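Participant: here is a sequence together with a model predicted from it:
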Amino acid sequence: MYSFDKKVNRINTNSIKWDLQSHQYGKDNLLPFGIADSDYESPKEVTKALLDRIKQGVFGYTFVSEEYRETVCKWHKRRYKYDISKDMIITVPKVLNGIATAIRQFTAENDDIIISPPVYPPFSNLIINNNRNLVPNRLINKDEVYTIDFNDLETHFKNGAKMYILCNPHNPVGRVFNKAEISKIINLCIKYDVFLVSDEIHCDLILEGHEFYSVGNFFGVYDKIIVCTAPSKTFNMAGLRCANIIIKNEKIRDEFLGYIENHSLKGANLLALTAAEAAYKCDYWVDAQSKHLLNNFNYAKDYLNKYAPRVKFANPEATYLIWLNFQFLGLKSVELIKELADFGIALNSGCDYCNDYDGYLRMNIACPIDQLKEGLKRIVNYLDSKK
Ligand SMILES: Cc1ncc(COP(=O)(O)O)c(C=O)c1O
């Protein structure tokens, strides 16, 4: 079995996390806990499938095979407990291609589109840069326990919002919205005829004691649903580029397909498809990874509670992200990032996820435990220097 504590050298591999630090942090050679890829090797089955394919030596135009579609259907059934059919899967290079397409195809300029901040920053950029109106439905934060503000959400729906982009599991707060919450969202979407785009890219990273409930469970109930999944976070293959956009309603799917055909976005590269097909059979690896992530989180939790008790944070139910509240220092996230870089560590700035969260940081803990230990030590050294 692969050891998730194995140290893998990613330096000089064109890794954004390891090799592209100076423009963001003003220096290089930082221990990185920022951008959301893991430091794990993909499953050996993935590497083998890639090597076998590469040995054949010809890399011409490629279609998305029936076997790939079948494998994705089975994965959804086994892991997320709902049925999809092969024709419902539209393969594109990136989840963000799917979300951008949904925005362009199913809303018009100046339409209101809702997101739930603090949330993955490109959602805002896609809405604003496509001349739609960004409407924040801020999560309720009660002592770092985050929930959806349904009253506020309904008000925006009532005021005519056309689309809601849900992030479930939620990046950065790590919530897995439960069946009751998802059902409530669906009922509101039906009531006010709102298009629901559910970004479920983190849904394989569920921590023990929690259960994932996909919006896809409602495919037969409501037509205006798009679900996005991908092997990229799960198996650490974001650089290969492959995502599944799942749409049941035929008319909506045809419209979506029409857009991606007109913009040459359809399909994924052949090595990505080869890798993804192999990956989507590695349940054992995903289960082991989840155990490792929980172990890492528990270590970080105990360490921070003991040595940095003023830092409060959300308990993730999924993802490999910890959302840390450093507001007690009274510094802006950009200042925090810069000062922490002087202690040799790279983290993500909280205000990128929502202006209200200036002074928060996001820490990616998907790495060998020794690396995590060193990173936490550097955070505590930094905080000690402030005393
Ligand atoms: C919630 C969420 N959606 C989408 C993405 C990006 O996915 P892709 O590279 O497939 O567009 C990320 C990456 O961090 C993410 O966290």
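Facilitator: Done, it's in. None of these values were measured; they are calculated from a predicted model.

Participant: does residue 165 sit in a helix or strand, and which one?
Facilitator: According to DSSP states H and E, residue 165 maps onto strand 163-167.

Participant: hang on, residue 310 is in a helix, isn't it?
Facilitator: No: counting by DSSP: H, G, I helix; E, B strand; the rest coil, one finds residue 310 to be coil, located in no helix.

Participant: you'd agree it is up against residue 330?
Facilitator: No: counting by CB atoms under 8 Å, residue 310 does not reach residue 330; the two are 11.7 Å apart. (C-beta placed from N, C-alpha, C; glycine too.)

Participant: so which of these two has more stuff around it?
Facilitator: Taking other CB atoms under 10 Å, residue 310 and residue 330 do not tie; residue 310 has more neighbours (12 against 8).

Participant: how is the chain divided into domains?
Facilitator: 16-32+283-385, 47-279 (automatic domain parsing).

Participant: how far off centre is the last one?
Facilitator: Using CA atoms, centre = their mean, to the nearest Å, the mean C-alpha position of domain 47-279 is found 10 Å from that of the whole chain.

Participant: mean confidence for that domain?
Facilitator: Mean per-residue pLDDT for domain 47-279: 98.

Participant: likewise for the shortest one?
Facilitator: In this model, domain 16-32+283-385 has an average pLDDT of 97.

Participant: may I have the distance across it, first residue to last?
Facilitator: Using CA to CA, to the nearest Å, one end of domain 16-32+283-385 lies 29 Å from the other.

Participant: please apply the same query to stretch 321-333.
Facilitator: End-to-end distance for stretch 321-333: 17 Å, by CA to CA.

Participant: tally of neighbours for the closest residue to residue 329 other than its chain neighbours?
Facilitator: Sequence neighbours aside, residue 386 is the residue nearest to residue 329 in space, at 6.5 Å (criterion: CB to CB, 6 or more residues apart in numbering). Other residues near residue 386 come to 10 when the count uses other CB under 10 Å.

Participant: same thing with residue 250?
Facilitator: Neighbours of residue 250 (other CB under 10 Å): 11.

Participant: for the closest residue to residue 27 other than its chain neighbours, grab phi and psi.
Facilitator: Excluding the flanking residues, the one nearest residue 27 by CB to CB, 6+ apart is residue 341, at 5.7 Å. Per-residue torsions, residue 341: phi -60, psi -30 (degrees, to the nearest 10).

Participant: where's residue 341 relative to residue 25, distance?
Facilitator: From residue 341 across to residue 25, the span is 4 Å (CB to CB, to the nearest Å).

Participant: what of residue 135?
Facilitator: Taken as CB to CB, the span from residue 135 to residue 25 is 32 Å.

Participant: wait, the residue nearest to residue 329 touches residue 331, no?
Facilitator: No: contact criterion CB under 8 Å: residue 386 and residue 331 do not qualify, at 9.3 Å.

Participant: run the chain-centre distance for the helix or strand containing residue 294.
Facilitator: In the assignment (DSSP H and E), residue 294 maps to helix 283-307. Distance of helix 283-307 from the chain centroid (CA atoms, centre = their mean) equals 18 Å.

Participant: and the closest residue to residue 107 other than its chain neighbours, what does it touch?
Facilitator: Nearest non-adjacent residue to residue 107, counting by CB to CB, 6+ apart: residue 162, 4.6 Å away. Neighbouring residues of residue 162 by CB atoms under 8 Å, 6 or more residues apart in numbering: 106, 107, 108, 111, 112, 113, 194, 195.
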